[in-house]
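Student: here are the coordinates; sequence isn't available:
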């Protein structure tokens with residue numbers, strides 16, 4: 001370990017020291033000490049992964065499952081909180097069934113952003129897909145459609 005990592009980090013303003021703390025052992029790492037976080041990030045501190053998943057469960061089971069996937073996909077659970085809170089705020093604009101269907105679709109296509117859930121919630125396809133299940137996989141449908149219009153061999157990338 002280099003000597004610069006063992007020294008404390010000091011912050012000063014106009015020659016006055018305003019903060020001093022031990023450096024994080026990993027370079028460009030995340031800190032979860034609330035005193036060192038910007039005030040905008042401190043509001044996430046009151047949430048826990050279980051609390052967010054429970055809030056998602058009130059919207060629907062697919063939303064709770066999506067929250068769990070998002071939280072588990074990040075190195076630190078707190079990094080997924082913003083996505084989950086963004087989806088909770090979508091519940092003010094869209095009904096729960098539509099958001100739950102969008103989360104179900106997001107899990108299937110491995111989407112992990114609020115923008116993708118918002119986009120899916122806007123479309124009519126989500127309303128239809130929540131009541132009607134496809135009988136064939138999208139890959140099989142794409143394969144048969146391409147074979148119908150093409151004479152060259154083609155293999156799906158599914």
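Tutor: Arrived safely, thanks for sending. Because the structure is a prediction, the values reported are computed rather than measured. Residues are numbered from 1 along each chain as shown.

Student: how about the helices in the chain?
Tutor: Here the chain has its helices, by DSSP state H, at 3-6, 39-42, 49-59, 61-73, 81-90, 96-109, 114-122, 124-129, 138-149.

Student: right, and these - which one's nearest residue 17?
Tutor: Among those, the nearest to residue 17 by Cβ to Cβ is helix 3-6 (18.1 Å). Yep, even glycine has a C-beta here, placed from its N, CA and C like the rest.

Student: between the helices of the chain, which gets nearest to residue 13?
Tutor: Smallest distance to residue 13 across those (Cβ to Cβ): 16.9 Å, for helix 39-42.

Student: give the contact list for residue 96.
Tutor: Taking Cβ atoms under 8 Å, 6 or more residues apart in numbering, we find residue 96 in contact with 58, 59, 60, 63.

Student: grab the nearest non-local neighbour of the first one.
Tutor: Spelled out, that is residue 58. Nearest residue to residue 58, sequence neighbours excluded (Cβ to Cβ, 6 or more residues apart in numbering): residue 96, at 7.9 Å.

Student: run through this structure and note the low-pLDDT ranges.
Tutor: Within the chain, the stretches falling below the threshold (pLDDT under 70) are 1-7, 21, 23-34, 36-37, 40-41, 44, 124-158.

Student: go again with 50.
Tutor: 1-5, 124, 126, 134, 138, 141-152, 154-156, 158 (pLDDT under 50).

Student: check contacts around residue 100.
Tutor: Contacts were defined as Cβ under 8 Å, 6+ apart; by that measure residue 100 touches 59, 60, 61, 62, 63, 130.

Student: hang on, the earlier thing: so can I have TSV of the helices of the chain showing distance to residue 18?
Tutor: What follows is the helices of the chain, written out as TSV (distance: least, Cβ to Cβ, whole Å):
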stretch	distance to residue 18
helix 3-6	20
helix 39-42	15
helix 49-59	33
helix 61-73	34
helix 81-90	27
helix 96-109	43
helix 114-122	35
helix 124-129	50
helix 138-149	56
